[in-house]
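**Q** Provide a 3D model corresponding to the input given below.
(one chain, ligands or ions: 2)
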Amino acid sequence: MNEADSEIVSSIIERYGYSRTMKPEAADLILVNSCTVRENAEKRAIARLAQYKGYKKDPEVKLGLLGCVPARNKKKLQKEHPFIDIVLGPDSYRKFEEILMQEHYPFRDTDLSKKELYDDILPQRQDELNAWIAIMRGCNQFCSYCIVPYTRGRERSRPFNSIIKAAEEIATKNIPQVTLLGQNVNAYQYEEYSFSDVLKGVAGVQGIRRIRFMSPHPKGFTQKMLKVMRDNDNICNHIHLPLQSGSSKILESMNRTYTKNDYLKLVEQIKKHIPEIALTTDIIVGFPGETDHDFKDTLDVMKKVGFDNAFMFQYSPRPGTYAAKHMEDNIPYKLKNERLQKVIELQHEHTARKNKKLVGQKLEVLVEGTSKKDKNEKIGRTESDKLVIIKAGQGKIGEFAKVKITGTAGVSLFGEIPQ
Ligand code: 5AD
Ligand code: SF4
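**A** Ligands and ions are numbered 1, 2, ... in the order given. Got it, this is the predicted structure:
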């Protein structure tokens, strides 16, 4: 979502004569778009600011902090980082007009809006491979560990027609992939349109080869969505379905509104409708009160589902959330870390096993770039979002190629394009 927001910011400031550079020493304006979902992310953003402070020796150079970090702690930031010229929360990016036109520094605005969707702004920096469309912003779910509802505000859905218009525009630019974004995409509701209507509508736009979406909540994942996925070849057979924990007790204290069994039943439904589906997930270990038994439930769900991949995190208390206020962070760091290593190890086994099954198959791969390790090799992604290292054959970046999977090593996949 932050990547998508950065593109919106680029689009806005380019109206005032700015153009993008990746070299901070060449910049008149340096913007750090920050995330506060876990403490580490926040620390990284603050460290970047400190790093860029040096460029302000030239008084003309302005430094800005955007995104969720300032939305959470505006006053503290002002005190500790008085050198920041611009502080804007996720709903305030239109304020660049006032800042840049009137040279209004320092400028701070982190108010959250009930309405802001930026739906009239076409992101400028869509790369040639993927374009984001944020179909909704904010979240009403209030999972007890999560800071997003506090930094991004309440749920609001983008008008259906503006989503289709954006998809059509993307198709005319020959960008092969669209990713529909939202904190909780299946909560999308605009007039009579639900998320399955959005999926179907975007799938119907001529010229869009791949459609992805991120992320659905297991609650409210409907049969209708599965049918639309099954009936439209251009919707990728991949679902990122955050589990968080396999223990019904922990899920309840996380306010996830489903049980272990509900999740497993949903996965069964998904696999029944789309047997070749790739499933990925998010897992948190060390949530307050997580016993060995609870942790085993997480491992158990992982084994039963067999995820293709997972993002795995240690619980990190976020100030202001329900869990941080009312639940003691009582799992020692060492134990959190041990549990994290265990889930990572198990996931690697599953990923490796799934990858091995692909050896010998011919898969459609979107060629994304050149391998960092070997300039003669290309890399690409399968429909199931797996990265393939293409060892041989002519593949053109931005185009699709039929790649024969020739082998695996650990979690890496290798293939070649038959001549
Ligand atoms: N601690 C650890 N992980 C978290 N996530 C969100 N909040 C926290 C937290 N406080 C993880 C969840 C979510 C992903 C984006 O980040 O797994 O799905
Ligand atoms: Fe956070 Fe839960 Fe909303 Fe996801 S659904 S953004 S985890 S509150």
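**Q** Please list all residues in contact with Val365.
**A** Residues near Val365 by C-beta atoms under 8 Å, 6 or more residues apart in numbering: Gly380, Arg381, Thr382, Val388, Ile390, Gly395, Phe400, Ala401, Lys402, Val403, Gly415. (Glycine included, C-beta is placed from N, CA and C.)
**Q** just the residues you listed now: which is nearest Arg38?
**A** Ranked by distance to Arg38 (C-beta to C-beta), these are led by Arg381 at 25.5 Å.
**Q** Under a three-state scheme, what state does that closest one occupy?
**A** Following DSSP: H, G, I helix; E, B strand; the rest coil, we place Arg381 in the strand state.
**Q** who's in contact with it?
**A** Contact analysis of Arg381 by C-beta under 8 Å, 6+ apart lists Val365, Leu366, Glu368, Leu387, Val388.
**Q** Going through those residues, which ones are buried?
**A** Val365, Leu366, Glu368, Val388 (16 or more other C-beta atoms under 10 Å).
**Q** Could you export these as TSV, including pLDDT and secondary structure?
**A** Below are the buried ones among the contacts of Arg381 laid out as TSV (pLDDT from 0 to 100; DSSP: H, G, I helix; E, B strand; the rest coil):
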residue	pLDDT	secondary structure
Val365	96	strand
Leu366	96	strand
Glu368	93	strand
Val388	96	strand
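**Q** How far does stretch 306-322 stretch from one end to the other?
**A** End-to-end distance of stretch 306-322 (C-alpha to C-alpha, to the nearest Å): 31 Å.
**Q** So is that stretch next to ligand 1?
**A** Yes - Stretch 306-322 is in contact with ligand 1 by C-beta under 6 Å from any ligand atom, via Phe313, Tyr315, Ser316, Arg318.
**Q** so the third one sits right up against Arg38, yeah?
**A** Which is Ser316. Yes - between Ser316 and Arg38 there is a contact under C-beta atoms under 8 Å: 4.3 Å.
**Q** List the contacts of Lys56.
**A** Going by C-beta under 8 Å, 6+ apart, Lys56 touches Leu63, Phe83.
**Q** can we see that at 6 Å?
**A** Lys56 makes contacts with Leu63, as judged by C-beta atoms under 6 Å, 6 or more residues apart in numbering.
**Q** do you know how far His293 is from ligand 1?
**A** 21 Å (C-beta to the nearest ligand atom, to the nearest Å).
**Q** Wait, Arg339 touches Ile284, no?
**A** No - between Arg339 and Ile284 there is no contact under C-beta atoms under 6 Å: 9.9 Å.
**Q** Please say which of these two ends up with more neighbours.
**A** The neighbour comparison of Arg339 against Ile284 (other C-beta atoms under 10 Å) goes to Ile284, with 27 against 24.
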